[in-house]
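Visitor: Pasting a predicted model and its sequence here:
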Amino acid sequence: LVGIVRPMSNLDQSRYANDNFNFFARSLRDDFLAARTVEWGTGNVHVCDYKCGSGKMGWSNWDNEEHMWVDWEGRQGCDPGDT
C-alpha cells in the first residue's frame, strides 16, 4: 500500500499515533479538514492510496465523496520482484 495525503503542518500528530490510524477514517475527516491550509488550493482530492498487489486505488475529499478499490484504465499490480 502506498498513500499520499495533503500537508497538515498544524495537525497534532501525537493525537493520531496508534495502530488503528487511517486517513480514510470517517470519524477523523472533520479534524483533517480543519487542518486545511492555503497550500491546498482548490483541488478536491485530499488523500489517495494505491494497492500494490491489485493495482487498485482509492481517494477521498473528506467531505462527501470517497472512491475505494477503483479499477482504472492501465491498472497494474506490483508484486515483490516486479520491475
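Guide: Perfect, I can see it now.

Visitor: helix or strand for residue 59, which one?
Guide: Assessed by DSSP states H and E, residue 59 sits inside strand 57-60.

Visitor: Report the distance from that strand to the chain centre.
Guide: 6 Å (C-alpha atoms, centre = their mean, to the nearest Å).

Visitor: before we move on, what about stretch 13-29?
Guide: In terms of C-alpha atoms, centre = their mean, the centre of stretch 13-29 is found 11 Å from the chain centre.

Visitor: The chain should start at 52 in everything you say after this.
Guide: Fine by me, first position is 52 from now on; the one you just mentioned is stretch 64-80.

Visitor: Alpha carbons only: can I get that stretch in CSV?
Guide: Backbone C-alpha positions of stretch 64-80 (Å, rounded to 0.1, in the frame of the first residue of the first chain) are rendered in CSV as follows:
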residue,chain,number,x,y,z
GLN,A,64,0.4,14.1,15.1
SER,A,65,0.6,12.6,18.6
ARG,A,66,-3.2,12.6,18.8
TYR,A,67,-3.4,10.1,15.9
ALA,A,68,-0.4,7.9,16.8
ASN,A,69,-1.9,4.4,17.2
ASP,A,70,-2.1,1.2,15.3
ASN,A,71,-5.6,1.8,14.1
PHE,A,72,-5.0,5.2,12.4
ASN,A,73,-6.3,5.6,8.8
PHE,A,74,-6.6,8.8,6.7
PHE,A,75,-9.8,7.4,5.3
ALA,A,76,-11.5,7.1,8.7
ARG,A,77,-14.8,8.9,8.6
SER,A,78,-14.6,9.8,12.3
LEU,A,79,-11.4,11.9,11.6
ARG,A,80,-12.5,13.8,8.5
